[in-house]
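Enquirer: the sequence and its predicted three-dimensional model are supplied below.
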Amino acid sequence: AQKVTQAQTEISVVEKEDVTLDCVYETRDTTYYLFWYKQPPSGELVFLIRRNSFDEQNEISGRYSWNFQKSTSSFNFTITASQVVDSAVYFCALSGGVDSNYQLIWGAGTKLIIKP
Amino acid sequence: KAGVTQTPRYLIKTRGQQVTLSCSPISGHRSVSWYQQTPGQGLQFLFEYFSETQRNKGNFPGRFSGRQFSNSRSEMNVSTLELGDSALYLCASSFSPSGGNTGELFFGEGSRLTVL
């Protein structure tokens, strides 16, 4: 069965530091999608990125970058020069086919605290 | 463009009562998913509706039900409330015909239910 592990429950850094959030996944599907969502204190989750299993190219969007490695089943998220506004809970999620019953499987989330 | 709207935002019920939560998706989105978020279990998929049909269902008891109307608005109902039903209930809509398990999800701010 599919599984997403975010081993870091909480990370606290000082503003301007770089921080990496880890995500490790398990699946037997050959076609699957990986996602990152951000949940600020207001509650609504905000989509950050989607990657499909055939696209291992890393992506950079401003201060955000994602490293997808199928060899280690990881999809890590790095924030460069963190800012206080980055404080939130970040979720990694996985979806695929039969192995996930076509549902999104969520990690437990990593609470990121950026101190001024 | 208006986002996903959930009502009510907060509610308090007692054990044995029932509750109905409402979700208005983004205009043009026909897929609506519901999630339960608790500190202990994290984010768990409840069900997904597309064009008034339940397309997928998570592993929740029959006390949890939902429906979708012709205008894509959705409601979920929980009957015979238990203390463990206290949670943040999140609704998400998606433009993708294949639903939120492959496409970007747009979330509402949630309905926080407290069962006493």
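Expert: Received, thanks.

Enquirer: need the residues of chain B near chain A, please.
Expert: With the criterion set to C-beta under 8 Å from any C-beta of the partner chain, chain B comes near chain A through B:3-4, B:42-45, B:56, B:58, B:88, B:90, B:92, B:99-110, B:112. All C-beta atoms are positioned from the backbone trio N, CA, C, and that covers glycine.

Enquirer: just the strands in chain B please.
Expert: Applying DSSP state E to chain B gives strands spanning B:5-7, B:10-13, B:19-24, B:31-38, B:42-50, B:53-57, B:64-68, B:74-78, B:87-94, B:106-107, B:111-115.

Enquirer: using JSON lines, please lay out those together with distance to residue A:115.
Expert: Written out in JSON lines, the entries for the strands of chain B read as follows (distance: least, C-beta to C-beta, whole Å):
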{"stretch": "strand B:5-7", "distance to residue A:115": "32"}
{"stretch": "strand B:10-13", "distance to residue A:115": "30"}
{"stretch": "strand B:19-24", "distance to residue A:115": "36"}
{"stretch": "strand B:31-38", "distance to residue A:115": "26"}
{"stretch": "strand B:42-50", "distance to residue A:115": "25"}
{"stretch": "strand B:53-57", "distance to residue A:115": "41"}
{"stretch": "strand B:64-68", "distance to residue A:115": "40"}
{"stretch": "strand B:74-78", "distance to residue A:115": "38"}
{"stretch": "strand B:87-94", "distance to residue A:115": "26"}
{"stretch": "strand B:106-107", "distance to residue A:115": "27"}
{"stretch": "strand B:111-115", "distance to residue A:115": "27"}
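
Enquirer: reformat the ones you listed as CSV; add distance to residue A:74 and mean pLDDT.
Expert: Shown next, in CSV, are the strands of chain B (distance: least, C-beta to C-beta, whole Å; pLDDT from 0 to 100):
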stretch, distance to residue A:74, mean pLDDT
strand B:5-7, 33, 97
strand B:10-13, 38, 97
strand B:19-24, 34, 98
strand B:31-38, 24, 95
strand B:42-50, 19, 92
strand B:53-57, 27, 90
strand B:64-68, 33, 97
strand B:74-78, 34, 98
strand B:87-94, 25, 95
strand B:106-107, 25, 93
strand B:111-115, 33, 98
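
Enquirer: below-threshold pLDDT in chain A: ranges please.
Expert: A:98-100 (pLDDT under 70).

Enquirer: what are the ranges of the helices in it?
Expert: If DSSP state H is used as the criterion, chain A turns out to lack helices entirely.

Enquirer: flag every residue of it that's near chain B.
Expert: Taking C-beta under 8 Å from any C-beta as the contact definition, chain A meets chain B at A:33, A:37, A:42-47, A:50, A:91, A:95, A:100-104, A:106-109.

Enquirer: what's the span of stretch B:13-26, first residue to last?
Expert: Looking at stretch B:13-26, the gap from its leading to its trailing residue is 28 Å under the measure C-alpha to C-alpha, to the nearest Å.

Enquirer: possible to save the strands of chain B as TSV with mean neighbour count?
Expert: Supplementary listing: the strands of chain B in TSV, determined by neighbours: other C-beta atoms under 10 Å in any protein chain shown:
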stretch	mean neighbour count
strand B:5-7	17
strand B:10-13	13
strand B:19-24	20
strand B:31-38	24
strand B:42-50	22
strand B:53-57	14
strand B:64-68	19
strand B:74-78	21
strand B:87-94	24
strand B:106-107	22
strand B:111-115	18
